[in-house]
Structure formats: structure tokens, C-alpha cells
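Enquirer: compute the structure for the input listed below.
(3 chains, ligands or ions: 2)
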Amino acid sequence: MTLLQVKDLSVTLITAQGPQEVISNINFSMDAGDKLGIVGESGCGKSISALAMMSLLPPDSQTSGKIILEDQDILSLNSTQICSIRGNRIGMIFQEPMTALNPVKKIGAQVSESIDLHMNLNRKQTLERVTELMDKVGLAVSRFPLNLYPHQLSGGQRQRVMIAMAIACNPKILIADEPTTALDVTVQEQILDLIRDLADSSGMALIMISHDLGVIAQTTQNVMVMYTGNIVEMGRTVDVFQNMLHPYTYGLFSAIPHAGSSAQKKRKRLSCIPGQVPELHLRPQGCNFADRCSKVSHKCKAIEPAATKISDQHQVWCYHPLTQEDKK
Amino acid sequence: MRIFLAKRVFTLVLTLLVATLVVFVVLEILPGDPAAVMLGINAEADTLNALREELGLNRPVLIRYIDWVSDLFTGDLGISYTYDVPVSELILSRITVSFPLALLAITLSTLIAIPLGIIAASNHNKPMDFLVMSFSQIGIAIPNFWFAMLLTILFSVTLRILPAGGFAGWDAGIGPVLKSLLLPTIALALPQSAILARVTRSALLEVLKEDFIRTARAKGVNNQGTLWKHALRNALIPVVTIMGLQFSFLLAGTIIIENVFYLPGIGRLIFQAISQRDLIVVKNLVILLAGAVIMINFVVDVLYAVIDPRLRGDKDV
Amino acid sequence: MFRKLAEVFGHGLKNRSFVIGGIISLLFFLVAFLSYFWTPYPVEDINIAERLLKPSTKYLLGTDHFGRDILSMLIKGARNSVIVAFVAIGIGLGCGVPLGLTAAAKKGWVNELIMRFNDFTFAFPSLISAIMITAILGPGSINSIIAIGIFNIPVFARVARGAALSIWKREFILAARSAGKGQFKISVEHILPNISSMLIVQATIQFALGILAEAGLSYLGLGTQPPMPSWGKMLNEAHTFMHFAPQLAIYPGAAIALTVMGLNLFGDGLRDVLDPKLRRSR
Ligand SMILES: Nc1ncnc2c1ncn2[C@@H]1O[C@H](COP(=O)(O)OP(=O)(O)OP(=O)(O)O)[C@@H](O)[C@H]1O
Ligand SMILES: [Mg+2]
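Expert: Ligands and ions are numbered 1, 2, ... in the order given. Below you'll find the predicted structure:
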């Protein structure tokens, strides 16, 4: 059953260079319990897509298209309606645990806030729920009393609080926007395990955003590769990883020396892809990746490629998908 | 919290001591002979000597200083040279005018400023915001004593509904007292609130940009909720700082405004004491005022720690 | 240097606060300067016969209780405000900036000491300092200059220290240090030029505050003494005659408010022009 469907979503933000389209016409859908990964270099629009699903974009931004959750179009809801969805049916974990918690509120109060808003529980039940959540995320109340303040916790512990907040009301979808980028390598693995376990045991859908293909490979069933606000390749994770078709995907993959081996998951520059992500206002006509692509042709620079279906589960937006030869 | 308090109390005591030292040096040592200052150039040698004897000026400087500081503790501040009554009595009777005035003014200005700041911030870049900011620009530029005069011209000279000055006295009851304090309070409070409204607005706008506001909204908290439950308390930190700083302006303002409205408070007293060169009264009043400012800064620091748990210095887990 | 000035000015013309505030401030300085050459009437001229006159073509703003021309007194009062506020800023900059720079460079107990001194000086608002000075020396405009100047010291020290601390972390400072330059040389040659725009903005704000404080002190009789006219003192005299000649209370107050507003607007505009990211830390 389709849980979330994104149709022709475009987002225009006001930047220093004026209004810029940072998400152009993306389409995808996911079923209940799915785990979808979004990968791409910094600035390609991963966070903005996620924020669009929460309707948390900056107030001066413009969106077109539809984001349909179950049967409601999120983009057409009024502010009261959207507030009853956020934190209730969609939960979100942010990248920066150090600044994402309110420094002057106790962690217990921050976790119970969404419960108070969305669930009809009395005080005792709320407390029980909070205790249960804290247990689930590995911050047993016996060691981490609810009256602690965020500054008394480490980054990993704070991220656990964030997770407890996000799953407090049993959301249908959990969006994790680079939940581990700001953490130590050792802690990263624990937090990822936690998120995976929670998703598996509760049956909620997960959108995992990351630069890190290893994380995506371990966590998701489907993956979506983004470049400058477009989807360039999408499909089942195994298919995409075993048979990468877009030169950009391949570039991302080669940039990580030992993809899959957990010890090496440091952030790496994409040394294999020449050039840089073009500035928003300098994006070329045609395929945005053309200037950095080894297989570029005239057509690439003139007309933006449409989706090519390789199989039922695998699409690529490229005129010259890679062959086995290219990957040697 | 306890360590924090202990440290802060220690600096408080030290600061107060330094303040007494400065006041003592400026008013008792720099002038050379305080008795000569008090009596003027034409004083007879006999009278001078008598006054020196009376004030204990012939004793060693150190003894005089220590005596004065211990007097400050006991509250026995000596006899006013011009009024011929104990200085402490004099000050106490005047405080019953100044303190209510200052309290009313700071209450009123906070009551005006914080809502205005919130309104401006939640209507950022809209006409309401512009209106509040314009009010603030004007309020900051208007000296409170001029505003006081304009109020008097309007309400006392033209409309004749409020007294132009004077104090009814507490014996007359609360009504008349409030009536005589009404214009002075407004004159003090409005210009103050202009600054405070501006600070509240910019502090709120700053906080509303923070990550944790986005987190709150992601939980489903609505705009009102994010403002009141999440932003406001964080924004209070700079607001309280400015209120602390403003207190010293408020004291200065009270002194001026008391003179505009002929209110028999500390401000009037200090001026009468200066013009009569009553150094004993001046000295004790100055240390009282400076001490009040220092104490307020102390309270502000403690308030910080109440508002912001990060400053309490609690141990981490 | 001139290129930079021209650039700042060019950006400034697009900023409304900068333009309006700049024009008002410029007018104020011109009027103050004008007083050295010309006032409609000499302000010392006492003419009891023509006292408390309403505005007319002869006396554009009327006369005070001594029959002096109000307009002339306002013009000369502007000069007085400029001088007091200017010298007080000089004191604030001259003592505060070295203190702030030292605190930023030395850290440790020197920093601690200077910061405590700052807090301490804040506890003596200019009015209290002025009261103490007047109590021993008697009133005079020097008193107000010193009192306001003392209050400016911690303000500039704080701004200089805060700004300097962030510059010290920059890479080019590291380069200068590894080249063997001492803390003093770095402070003067590298830090100072980089914090100057912040200091200029703060100076505009302190200028406005200085004018307000001078008016207050003169109003109380602690500041400028006759025959030099001062806006604050004019208000004090107007207070006495409030019931017969309320118009006297209008002009000097309006002059203060307009000037202070102009300077504040100019300061706000200047801050935005010099550095859009640089927000007030007050
Ligand atoms: N508030 C904003 N105003 C204007 N432009 C923005 C804003 N936020 C993001 N952008 C721009 O939108 C584009 C997409 O940003 P986004 O944050 O989605 O990138 P990302 O893929 O999440 O990158 P990262 O991996 O660094 O988090 C970027 O070019 C960015 O500069
Ligand atoms: Mg992001």
C-alpha cells in the first residue's frame, strides 16, 4: 500500500542570488514499512526535500507539485492540519544534535511535548510512555534522569533523545537527515543500529538521508541518488549498487575506498569526480552533470535527459548509462 | 549551582569593598580637607577645627575608612551637617518615595516593552514591526526629563488633571500617592521601554533562527507554541542583561525625574546635599546608589543561571 | 583608504537609515560649526524688555526670560553638545580600546582583572560620577566630559575585546605570530585596523548617548555653566517658566531628540553597510 507519494515536486528558495529552484520536478513513492535512502553530494537538495515533506521550508519559499501522505496532500494543508501531522505521523531527526535540542528545557519535557500534543494520555501514562521511549533509545531513566538538560549529555546521547522525540507518537514515517554526520565514528554505528532496530521492530517507514553509500547499503531497500535538485538514478538498493548506471552514482561509489566496510566510513571528498557541484545560478542547460561527466555528448548539454527504465525497479536519468566496459 | 553562587557572592563582596574605597578616596582624600569643602573658603579657623573634630577628620585615614565601612553595616551613618538629623533616617524617609517610583517605572516599562517586542518579532518585516521599531527609535532619542516636561505641559498646564509636581505623602493614602507618582512613572518608563522592546525583538528574532526551533516545529508545535514555550525563555537571556544595565540608567533617571517633579526622594536629597556641600550625606548616598547597581548586577547574574541551566556549572553525567 | 570610503558611501546610499541619519547628523555638525562664525544674535545679549517673546520674524523661535534669542542659543548649544560628546568619546576610545586589546591579547589574570574593572566602572553611571566630581570641584562642563568619558571606557573596552578575540583566531594572525611579531605589534598593526569599523559604529552610538547624558547633567546644573548655552540647561530654565511660556520647553528638547535620532539611525545604517552580518551585541 502506498504510504507516501511525491509528484512533480519543485522547490524554489530565495538565495543570495535571488530565487533559485533547488528541487526540480522529483517523483517517487514509498510503501508502508519501506526503507528509502537518499544520497548525493552536499547541497544537492536532500535536506530541502525532507523539509518539504515536513512542510518546514523557509516561509518565503515556493513549492509546486504534490506530497501525498496516505490520502492528504501535505502541501495543501493549513497550519493547524500540518501541525497535527508533524511529530505525529511523520517524525524527523536532524543532523546537528548539539543545537537541535532546546538548551533551557529538561530532556524529559522535550520528549513528552509531542506526546502531549498528539496523544490523548494522562500525566501518569505520559510519564510511562516517556520512560519506555528512553529505555528504547538506550537512555535508561535510572542512569539518565528526565530532569537532565541537553548540555549534560554527549552528542550521541543527545541524538538518542532526538530519536526518542521523533518516534514518540509512533509515526508512519521517520525521516533521518544525516543523523550521524556530526558524531564520532564509534557512536555513528550505535545510532544507526538503533534507528534500524526501531524501524524494523515498529514497522514504520524510514527515509535515511546520507552522503555515505555504506550507510545506505546497510539500511535501505530502495535508494534515490540526487544531484543538484534532480533524481539521477533510483531503484532497489541491491540493483543500483550492483549495477550502477549513472556516471555520477559511479563517481560517488568510487569516491569511497572500501564501501561497505564499516571501519572506513569517514567522510571522503569525491576525488574521482572532476570539478565541483555547479552553483545554483550557474547550472547548465541540459544535464546538470554534463560538465563533470566522462561520457558527455552534445545532446547531454542541450536537452535534459528523461527517465530510462532499465527494469521495473530501476530507472536512470542519463543518455549514456554505464556499461560493464566503463567500470573497468 | 552552589559553587556558582559562592563564586559570585565572593566577587560581589569584593566589588562592594572596592566601591567603598573609591567613594572614600574621591570624597574624603582627594579634596584634601573635607571640612574646608563643606564650610567654603571663608570659614573661620575655629569653626573648621570644630567641624574636623566633630567629623573625626583628625584621626588616621585608615581608621576613618574602616570606621565608615563598619558604620555602613550597622546603619549608623552619622548626623547630617545641614539637616541635623541622622543620615540613615534621612535616607530611609526619602527611599519611601524613590523606591516605589523606580519599581513602578521598571514594572511599567517591562509590561510595555516585552509584549511590543514579541508583537514586532512575530510580525517581522510587516507594518506592525515597522511601527514598533519607529516607536522605539523615537523613544530612545527622547530624554526622559524632556518627556516629563511635555507630559506636565499636557496634563497639568493645559488639561489640569494631574499635579505638576510634589508628593502627597504616604499619610494621604495610596490614591493620592499614585496620583503624584503617575506622570513621573510614565516619564521614566516609556523611554526605557523603547530600548527594551527593541532588545526583546532582536533577541527573539535571533532565537527563532536556531535549530531547536525547527525541532520544536517538527514535533508539531504551532507558531504560538514555539514562540512562547521555546523561543521566549531563550530570548530572555539578553533581555535580562539589558534590564540589568538599564537599572543604572533607571537610577539616574529617577534622580533627574524627581527633580523635574519636585519629589522628595533620594534624587532631590542628593542635589540639596551637593548644593549645601553636605559631604556626609553625599558620600553615603553615592555608595548607596553604586551599591544598588552592583547588587542588581549580581541579581542579574543569578537570574541568568536560573534561566540558562548551562551556566549553573552542574556536573555532567 | 579613499577607495574604501567611497565604496562604503556608495553602499550607504542604498540604505535608508544611513541616508536619513547621515543627513540629520551632518546638519547637526554644520550647525555646530556655524556657531563659530555666526549666530542670529549674540547669545550673551540680555534684553529684559524683550523677554519671553513668542516666535516672530525678528526672533524666529522667540526669546527666553532674559530676552536672549532662542535660535542663537540652540545653534551655540549644538557646539557645546558636540564638544562634550566628542571629548568623552576620545576618553572612552583612548582608555577603553587599549584595555580591551590588552585583555584580548593577554588572557589569563590580566583579562580577568580588566573585565572586573569594566563591570565595576559600569556600576558608576555617569550621573553618579558627575555627582561625586561636582561635590568636590563644583559644577562645570569639564565634569560632564570626565563623567561621560569614564562611562564610555568600559563600553569601548568590551567592544574592542570582543571583536579582537575573534580576530585573534584568524589565520593571518597565526602567520604574523609565527613570523615572530610580538603581541603588542600584532594588536596595533593587525587587530586594530580590523576592529576599527566596529569601533566607529559604537562611537556613533556613544555619541548619541553622550549628547543625551550631557543634556541630563546640564539640566541638573551639574554640567555646562552660563554663559555657554546648552540644550539641557535651556530645558531647565524652560521648566521654571513652563506655566507662562510652555513653548520654551519645545525647541531644545526637539533639538536633542532629532539629533540623537539622526545619530542612532546613522549608526544603525553604518553597521549594516560596513558588515551586514555584524549585529549589535549590546
Ligand atoms: N534557507 C535557505 N535559503 C536559501 N538557500 C538554501 C537554504 N537552505 C538550503 N539552500 C540551498 O538549497 C540547496 C540544497 O540544500 P540542502 O540543504 O537540501 O542540501 P543537502 O543535500 O542537504 O546538503 P548537505 O549534505 O550539506 O546537508 C543548496 O544549494 C543550498 O545552498
Ligand atoms: Mg542536509
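Enquirer: taking the stretch 201-328 of chain A, what residue is nearest to ligand 1?
Expert: residue A:280 (5.2 Å; Cβ to the nearest ligand atom). Backbone N, C-alpha and C define where each C-beta goes, glycine included.
Enquirer: now that residue. Nearest residue, chain neighbours left out?
Expert: By the measure of Cβ to Cβ, 6 or more residues apart in numbering or on different chains, the closest residue to residue A:280 outside its immediate chain neighbours is residue A:20, 4.3 Å from it.
Enquirer: please report how far residue C:89 lies from residue C:6.
Expert: Using Cβ to Cβ, to the nearest Å, residue C:89 is found at 25 Å from residue C:6.
Enquirer: neighbour count: the two, which is higher?
Expert: Each of residue C:89 and residue C:6 has its neighbours counted (other Cβ atoms under 10 Å in any protein chain shown); residue C:89 has more, 24 against 10.
Enquirer: quick one, phi/psi of residue A:64?
Expert: Phi and psi for residue A:64, reported as degrees, to the nearest 10, are phi -130, psi 160.
Enquirer: pLDDT weak spots in the stretch 101-250 of chain A?
Expert: For the stretch 101-250 of chain A, applying pLDDT under 70 flags no range at all.
Enquirer: actually, the stretch 151-300 of chain B.
Expert: Ranges of the stretch 151-300 of chain B meeting pLDDT under 70: none found.
Enquirer: get me the contact residues on chain A for chain B.
Expert: Within chain A, the positions lying close to chain B (Cβ under 8 Å from any Cβ of the partner chain) are A:54, A:56, A:79-80, A:83-88, A:91-92, A:94, A:96, A:99-105, A:113-114, A:117-118, A:143-144, A:148-149, A:151-153, A:157, A:162, A:165-166.
Enquirer: whichever residue of chain A sits closest to chain B: neighbour count?
Expert: Per Cβ to the nearest Cβ, residue A:87 is where chain A lies closest to chain B, at 3.6 Å. Counted with other Cβ under 10 Å, residues neighbouring residue A:87 total 28.
Enquirer: can you check residue A:115 too?
Expert: Counted with other Cβ under 10 Å, residue A:115 comes out at 22.
Enquirer: run a quick neighbour tally on the residue of the stretch 201-328 of chain A closest to ligand 1.
Expert: 19.
Enquirer: hang on, it packs against residue A:22?
Expert: Yes. If you go by Cβ atoms under 8 Å, residue A:280 and residue A:22 touch, sitting 6.5 Å apart.
Enquirer: quick revisit: the residues of chain A next to chain B in helices, which ones?
Expert: Among the residues of chain A next to chain B, the ones falling in helices (DSSP state H) are A:54, A:79-80, A:83-85, A:99-100, A:113-114, A:117-118, A:157, A:162, A:165-166.
Enquirer: follow-up on the earlier one: so for the residue of the stretch 201-328 of chain A closest to ligand 1, what's the pLDDT?
Expert: At residue A:280, the model reports a pLDDT of 71.
Enquirer: and the residue nearest to residue A:280, bridged to which residues?
Expert: Bridge pairing for residue A:20 (DSSP bridges) gives the partners residue A:13.
Enquirer: where do the strands sit along chain A?
Expert: In chain A, the segments counted as strands under DSSP state E are A:2-15, A:18-31, A:35-39, A:62-69, A:72-73, A:90-93, A:173-177, A:205-210, A:222-227, A:230-236, A:308-311, A:314-316.
Enquirer: is ligand 1 within reach of the second one?
Expert: Yes. Shown here: strand A:18-31 in contact with ligand 1 (Cβ under 6 Å from any ligand atom) through residue A:22.
Enquirer: backbone dihedrals for the residue of the stretch 51-200 of chain A found nearest chain C, please?
Expert: For the stretch 51-200 of chain A and chain C, the shortest gap (Cβ to the nearest Cβ) falls at residue A:60, measuring 17.5 Å. Main-chain torsions, residue A:60, degrees, to the nearest 10: phi -90, psi 10.
Enquirer: looks like it contacts residue A:12 (just checking).
Expert: No. Using Cβ under 8 Å as the test, residue A:60 is too far from residue A:12 to be in contact (9.5 Å).
Enquirer: looking at these two, which one has more neighbours?
Expert: For residue A:60 versus residue A:12, neighbours defined as other Cβ under 10 Å are more numerous around residue A:12 (17 against 9).
Enquirer: ok, and the closest non-adjacent residue to the more buried one?
Expert: Distances taken as Cβ to Cβ, 6+ apart place residue A:62 nearest to residue A:12, at 4.4 Å, with adjacent residues excluded.
Enquirer: need the contact list for that neighbour.
Expert: Counting by Cβ atoms under 8 Å, 6 or more residues apart in numbering or on different chains, residue A:62 touches A:11, A:12, A:19.
Enquirer: ok, it to residue A:124 distance?
Expert: 46 Å.
Enquirer: just residue C:68 next, same as before
Expert: For residue C:68, the distance to residue A:124 - Cβ to Cβ - is 80 Å.
Enquirer: more neighbours: those two, which one.
Expert: Neighbour count, other Cβ under 10 Å: between residue C:68 and residue A:124, residue C:68 has more, with 24 against 8.
Enquirer: from what I see, the more buried one and residue C:40 are in contact.
Expert: No. Using Cβ under 8 Å, residue C:68 is not in contact with residue C:40; the gap is 10.7 Å.
Enquirer: now the stretch 201-317 of chain B against ligand 1: closest residue?
Expert: residue B:209 (10.1 Å).
Enquirer: number of nearby residues for the residue nearest to residue A:308 when sequence neighbours are not counted?
Expert: In space, residue A:308 comes closest to residue A:316 once its chain neighbours are excluded; the distance is 5.4 Å by Cβ to Cβ, 6+ apart. Residues near residue A:316, counting by other Cβ under 10 Å, number 27.
Enquirer: next: the one 5 residues further on.
Expert: Using other Cβ under 10 Å, residue A:321 is surrounded by 19 other residues.
Enquirer: got the contact list for it?
Expert: Contacts of residue A:321 by Cβ under 8 Å, 6+ apart are A:245, A:246, A:308, A:310.
Enquirer: any idea how far residue C:166 is from it?
Expert: From residue A:321 to residue C:166 the distance is 50 Å (Cβ to Cβ).
Enquirer: likewise residue C:189?
Expert: Distance, residue C:189 to residue C:166, using Cβ to Cβ: 17 Å.
Enquirer: how about residue A:313?
Expert: From residue A:313 to residue C:166 the distance is 53 Å (Cβ to Cβ).
Enquirer: what's in contact with the worst-scoring helix or strand of chain C on mean pLDDT?
Expert: Taking mean pLDDT, DSSP states H and E as the measure, chain C has helix C:2-12 as its least confident helix or strand, at a mean of 75. Residues from elsewhere that reach helix C:2-12 (Cβ under 8 Å, 6+ apart): C:18, C:19, C:22, C:269, C:270, C:273, C:274.
Enquirer: out of those residues, list just those in strands.
Expert: Among those, none falls in strands (DSSP E).
Enquirer: filter the residues you listed down to the buried ones.
Expert: C:18, C:22, C:269, C:270, C:273, C:274 (16 or more other Cβ atoms under 10 Å in any protein chain shown).
Enquirer: residues contacting the residue of the stretch 51-200 of chain A found nearest ligand 1?
Expert: Closest contact between the stretch 51-200 of chain A and ligand 1, by Cβ to the nearest ligand atom, is at residue A:58 (4.7 Å). By Cβ under 8 Å, 6+ apart, the residues touching residue A:58 are A:13, A:14.
Enquirer: roughly how far apart are it and residue A:99?
Expert: 17 Å.
Enquirer: which non-adjacent residue is nearest residue A:275?
Expert: Once flanking residues are discounted, residue A:275 sits nearest to residue A:292: 4.2 Å by Cβ to Cβ, 6+ apart.
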